[in-house]
Structure formats: C-alpha cells, structure tokens
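Visitor: Based on what follows, work out the 3D shape:
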Amino acid sequence: MRLTILAAGALLPLAACNQGPSTEQSARQTGEIRLENASMEEVAKQSAAADAKTAAQPGQWENSFQLVALETGGVPEPIASQMKAELGKPPKTETSCRKAEDVKPIDVSKLSPMQRGCTFPKYKVVGGKIDAVMECDTPMGKSHMTITGSQTKTSYDLTMSQSQTVPGQTKQTSMTVRITGKRLGECKA
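Guide: Now for the predicted structure:
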C-alpha cells in the first residue's frame with residue numbers, strides 16, 4: 001500500500017505538466033490558454049475569458065516596431081525595394097495613450113471574412129509567454145504565421161514571422177517583425 005501511495009505521489013507532478021486544452025472557464029480562472037487546431041472564434045472566446053487576468057493596463061504606452069528579416073519573393077520590384085529599405089533600420093517608436101477599450105481582446109466579428117477563416121494549429125499563452133501558429137487560406141495564397149514572445153499587463157515583446165506564396169509565383173515571400181511595448185504611466189492630459 002505504501003508503495004502505491006509513493007508511486008501515485010511521484011506521478012502527480014508529471015500529470016500536472018501535461019495539462020490538456022484550456023476551456024473558456026479555465027482561461028477565465030487562470031488567464032492561460034492552451035489550444036491546438038483551434039478556430040479564430042475559439043481563440044477569441046478564450047482570449048476574452050482570460051482578459052481579466054491578462055489584459056494590458058490602460059495608460060501611456062511606448063510601442064516599437066522593427067522589420068528584422070525579409071524575403072520579397074514574388075513582390076513587384078518597386079514595392080520590394082521600399083520594403084528592403086526598412087530592413088535593418090532601428091525600431092520605429094511611438095508613444096500613445098491606450099484607453100480601456102484599446103486593450104481589449106480581438107473582436108472576431110470585426111475581422112474581415114478572410115481573417116475569420118484562419119485557424120491556429122497551436123495557440124498557447126502560459127506564464128506570460130506566447131507561442132502561436134496561425135494558418136490562413138486567402139485569395140493571395142496560403143499564409144503561415146508564428147508569434148512568439150512575452151506579454152504582461154505592462155509590457156510585451158513579440159516576434160512575428162509570416163510566409164506566403166502568392167498564386168502564380170514560385171518564390172515565397174516572408175518577413176519577420178519584432179514589436180515591443182511598455183507602459184510608461186498614466187495618460188498625459
């Protein structure tokens with residue numbers, strides 16, 4: 001009997017490591033989301049449920065955007081040249097006041113039908129870390145996006161990579177961007 005109790009005690013930490021998919025209820029309670037092969041609607045529902053635990057705080061924010069990698073593939077030359085000119089430049093930074101309505105999760109009903117058709121082979125937000133893969137079938141071809149990084153109520157640091165092959169083209173277009181942000185305090189009057 002003692003051996004059974006010891007064996008069960010040894011297996012409990014392993015069981016806790018392999019938590020299954022999240023639900024709206026578990027997302028609401030923990031702020032964590034674990035989904036595989038999920039629709040945009042399911043991700044949005046769970047993001048809204050987790051909002052009370054994870055939403056960014058309103059206030060004055062500094063946000064930065066930087067293009068870190070680019071393959072222009074079949075993009076026409078004038079546009080490709082403009083895109084390539086941004087590669088390697090320092091991040092573009094802006095400061096803005098974000099109100100409570102600005103920090104809400106995505107409202108899927110406001111997305112275009114093309115975006116609503118996307119799926120998430122993986123969508124994981126756990127312990128302030130984000131690891132997601134999104135795939136879309138669009139008139140401009142199949143699109144594959146990864147999102148990784150960290151997010152708290154007062155900061156974020158995300159790397160997003162997207163690749164796509166436009167119908168009629170043989171070369172893939174891809175880009176990687178890094179976006180960061182930090183809350184500076186209350187909005188300035």
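Visitor: CA only for contacts and neighbour counts going forward, please
Guide: Fine.
Visitor: quick one: residue 55 from residue 103, how far?
Guide: To residue 103, residue 55 is 7 Å away according to CA to CA, to the nearest Å.
Visitor: Count the neighbours of residue 96 for me.
Guide: 14 (other CA atoms under 10 Å).
Visitor: In the sheet, which residues pair with it? Tell me.
Guide: Counting by DSSP bridges, residue 96 forms beta bridges with residue 61.
Visitor: so what's it up against?
Guide: Neighbouring residues of residue 96 by CA atoms under 8 Å, 6 or more residues apart in numbering: 60, 61, 62, 63.
Visitor: export the residues you listed to a markdown table and tack on distance to residue 124, neighbour count and pLDDT?
Guide: Formatted as a markdown table, the contacts of residue 96 follow (distance: CA to CA, whole Å; neighbours: other CA atoms under 10 Å; pLDDT from 0 to 100):
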| residue | distance to residue 124 | neighbour count | pLDDT |
| --- | --- | --- | --- |
| 60 | 27 | 18 | 96 |
| 61 | 25 | 21 | 95 |
| 62 | 25 | 17 | 96 |
| 63 | 23 | 19 | 95 |
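Visitor: Identify the residues contacting the residue nearest in space to the middle of the chain.
Guide: Most central residue of the chain, judged by C-alpha distance to the mean C-alpha position with CA atoms, centre = their mean, is residue 147 at 4.7 Å. Contacts for residue 147 were tallied using CA under 8 Å, 6+ apart; they are 130, 131, 132, 133, 158, 159, 160, 161.
Visitor: just checking, which of the residues you listed belong to strands?
Guide: If you go by DSSP state E, the contacts of residue 147 have 130, 131, 132, 133, 158, 159, 160, 161 in strands.
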